[in-house]
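Engineer: using only what follows, build the 3D model:
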Amino acid sequence: MKTNEKKPFSTRAFVALTAAVSGLGLPLTGYANHLYQFAPLSTQRHAWMAAHNILATLFLVFAVWHIFLNRHALLKYAKGAVRNNPFPSREAILASVIVASVMFLFVGHAFVAGG
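Structural biologist: Residues are numbered from 1 along each chain as shown. Reported below is the predicted structural model:
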């Protein structure tokens with residue numbers, strides 16, 4: 001039998017979900033900005049730019065809030081990881097290589113397109 005008790009509001013779930021939803025919108029709005037990059041400033045282009053900027057701001061704010069809410073677990077994990085193995089894990093190295101490669105590819109694209 002199910003009770004009608006309401007669960008308390010979970011700030012952690014709210015923060016994580018807001019960061020996730022706003023983060024998922026960033027590639028779509030970023031791609032739209034890319035498509036409109038050389039078009040004259042129109043209402044449509046301005047709307048996509050505004051959407052991208054506000055999603056980025058929301059994502060940043062909620063990602064920082066998420067880190068703050070989970071700081072004890074993150075610090076405990078970091079201390080344990082350093083104590084057990086002072087060198088970066090294979091996962092950390094792979095993640096760093098992927099992020100650096102993608103950033104190099106897309107930032108490098110700007111220099112080729114602009115010059």
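Engineer: for this structure, which segments count as helices?
Structural biologist: 11-35, 43-69, 71-84, 90-114 (DSSP state H).
Engineer: what's the angle between the longest one and helix 11-35?
Structural biologist: With axes from the mean of the first three to the mean of the last three Cα atoms, to 10 degrees as the criterion, the two stretches helix 43-69 and helix 11-35 enclose an angle of 150 degrees.
Engineer: which neighbouring elements make contact with helix 43-69?
Structural biologist: helix 11-35 (3 or more Cβ pairs under 8 Å, 6 or more residues apart in numbering; DSSP states H and E). C-beta coordinates here come from the backbone N, C-alpha and C atoms, glycine included.
Engineer: ok, back up a step: next, format the helices of the chain as JSON lines and append mean pLDDT.
Structural biologist: Compiled in JSON lines, the helices of the chain are given as follows (pLDDT from 0 to 100):
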{"stretch": "helix 11-35", "mean pLDDT": "95"}
{"stretch": "helix 43-69", "mean pLDDT": "95"}
{"stretch": "helix 71-84", "mean pLDDT": "82"}
{"stretch": "helix 90-114", "mean pLDDT": "84"}
